[in-house]
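Novice: Here is a sequence with its predicted model. Questions after.
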Amino acid sequence: MILSILTPVSVVLWVGVLLLAVVVAALSSRKKTHLSSNLQVLPGPHGLPVLGCSHIIGRYNNPWHGFSNLRKQYGDVFGLTLGSRKCVVVSSLSAMKQVLVSKSEDFANRPDFLRFHAIFRGNRNYSIALCDWSSKQKVRREIVFPYMHPKCVSFGIDRMNTFITRELQELVTTLLTVENQLIEPRPFLLVCTANIFYQYLCSKRFHTKDPTFQRIVRIYDVVFRELFQGFAIDFMPWLKVFNEKRLKDLRDKADEVTKLTETIFDEHEKTLDEENLRDLVDIFLKHIKGTGNNLSREDAEVTVDDLCGGHSVLGNLWLWGLYLVAGYPEVKERIRTEVSRATEDRRHPCLQDKPALPYTEAVTLEILRVVASPIIPHVATKDTNIQGFHVPINTMVMFNTFDLNMDAQYWEEPRRFKPERFLTKEGRVLKPDYFFPFGTGKRTCLGDSLVKSTLLLGLGTLLQMFDVCTEEVNAPDLDSISGLVVPQKEIKLIFKQRLNFTNKSEYFSCSAL
Ligand code: HEM
């Protein structure tokens, strides 16, 4: 993909760029001789002028396979250039922990990709996930973190439970209309997660057939796919001239989402009661009105956009999960038995049932292990080092969690889908320290709680209600899934109803608790 964008351009331009690259390479190799004597130069492959090592990684369908192969040759911490960008790939647990935790200040920034600016109103620093570290980001995280991590018994957990339950009911109703057919469930799952997020963050629910809402969900899906792929323009920003249309298209799509969020903020502002805050939008509005803060309404709006967009990541993960579980009849059976025991099959599972669903929770962790969503790259804020290797300012750090999650040193039979690995002998859920699917340190994920809750209830409810099947004869090939947040080909599943509920509203309430 990276190479495919390099279509022939004028010879003059190429020669100019090559000369420039040679000069830059010469200057940077001179710099190496000035390294402090106790720091080592990063090992790694030599890059070509202009392309860097893009031609090496571009050979792999899944770039993480490329990084894993280079690791065999160059070790747990190696450097390479992709286009004009200096990068480091860290693959060992200790190197990752150093970057994310003990040296988190030195690596607190995010990559400065043109596409990110296009998505976030021309300035990626409006985004909570892709901005550089700043005092504003600290404040923003301090506001969002507690909201996204409600305590066990709290108003926040009740709202989460209510919204997830309501949307699962809607989803089950929809899936019943297409039962026994081979379908692509992704759009249904995305609509379901989008409505959960809009309700939890903005108290806004859309009719699932509302065309504006469906369009917004599709836009988020396109933007999300963009975010999670590497493109030549990220590493060779001078390609901007050939990508104006793509960037404009991204900006236009993002503008549509922005307009919706602006309307939601306007509606909230008119009815704001500072003594009774309804949701995150209200919390932000109250904060903005206060004195001495450095957040603007635009910051707040983009933050909410960004968090709402998380529904797309979750929808795709859930889809991977259903696909994986469909391939393992014994896993489906164990989830069903557990949910049945917790609910007597008179109602769907609720968040209050979590202690009674350790196996289902272990399945969610195993899905996260196998899918191995990459940690968003970090960027060095100053000249620093990783395990004694010199890392210059602005170097992008990529985390090979793909290798970590499949390392036989940590995982028994790593290439088997084995949820019980997360259970103790007593049947309790145990997440080991070397497993951090939501990152660790100062820029950890803010959506983890909503993700874990939706995935637990989403799997429990759908498997209680349906036998979820694939047409594929063999169990899923885990290597073809790992590191790919978005499935490369559309996943198809069959939902066969197995539980007949006599009273639907009783089934979907937790009143029987
Ligand atoms: C579906 C599964 C998800 C996984 C596996 C996941 C994982 C991650 C990871 C690994 C990071 C990077 C941590 C780091 O850089 O150190 C991250 C960051 C982040 N995630 Fe998630 N995430 C998921 C869903 C979500 C959702 C649904 C939301 C929104 C509600 C969300 C919001 C964020 C934000 C805002 C950040 C950046 C935080 C910062 O830079 O300060 N994530 N996530």
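Specialist: Happy to help now that I have it. Residues are numbered from 1 along each chain as shown.
Novice: From now on I want contacts and neighbour counts done on CA atoms only, so please keep to that.
Specialist: Will do.
Novice: what's the neighbour count on residue 266?
Specialist: 12 (other C-alpha atoms under 10 Å).
Novice: Please list the residues of this structure that sit near the ligand.
Specialist: Contact residues (C-alpha under 6 Å from any ligand atom) of the chain with the ligand: 128-129, 307, 310-311, 313-314, 317, 373, 375-376, 437-440, 443-448, 451.
Novice: Among the residues you listed, which are located in helices?
Specialist: Those of those mapping onto helices are 307, 310-311, 313-314, 317, 448, 451, per DSSP state H.
Novice: any chance of the residues you listed in TSV, plus pLDDT and neighbour count?
Specialist: Putting those into TSV (pLDDT from 0 to 100; neighbours: other C-alpha atoms under 10 Å) gives the following:
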residue	pLDDT	neighbour count
307	96	20
310	94	21
311	96	28
313	92	21
314	95	23
317	94	24
448	96	16
451	97	19
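Novice: out of those residues, which one sits closest to residue 192?
Specialist: residue 311 (8.7 Å; C-alpha to C-alpha).
Novice: how much space is there between that closest one and residue 201?
Specialist: 11 Å (C-alpha to C-alpha, to the nearest Å).
Novice: Same question for residue 264.
Specialist: 11 Å.
Novice: In terms of neighbours, single out the busier of the two.
Specialist: A direct count of neighbours by other C-alpha under 10 Å for residue 264 and residue 201 places residue 201 higher, at 21 against 17.
Novice: Contacts only, for that one.
Specialist: Counting by C-alpha atoms under 8 Å, 6 or more residues apart in numbering, residue 201 touches 279-281, 304, 308.
Novice: ok, now with 10 Å
Specialist: By C-alpha atoms under 10 Å, 6 or more residues apart in numbering, the contact set of residue 201 is 147-148, 160, 195, 278-282, 304-305, 307-308.
Novice: Got phi/psi on residue 78?
Specialist: phi -140, psi 160 (degrees, to the nearest 10).
Novice: Could you count how many residues lie near it?
Specialist: Neighbours of residue 78 using other C-alpha under 10 Å come to 22.
Novice: you'd agree it is up against residue 46?
Specialist: No. At 11.3 Å, residue 78 and residue 46 do not qualify as touching, with contact defined as C-alpha atoms under 10 Å.
Novice: With secondary structure added, can I get the contacts of residue 201 in JSON lines?
Specialist: As requested, these are exported to JSON lines (DSSP: H, G, I helix; E, B strand; the rest coil):
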{"residue": "147", "secondary structure": "helix"}
{"residue": "148", "secondary structure": "helix"}
{"residue": "160", "secondary structure": "helix"}
{"residue": "195", "secondary structure": "helix"}
{"residue": "278", "secondary structure": "coil"}
{"residue": "279", "secondary structure": "coil"}
{"residue": "280", "secondary structure": "helix"}
{"residue": "281", "secondary structure": "helix"}
{"residue": "282", "secondary structure": "helix"}
{"residue": "304", "secondary structure": "helix"}
{"residue": "305", "secondary structure": "helix"}
{"residue": "307", "secondary structure": "helix"}
{"residue": "308", "secondary structure": "helix"}
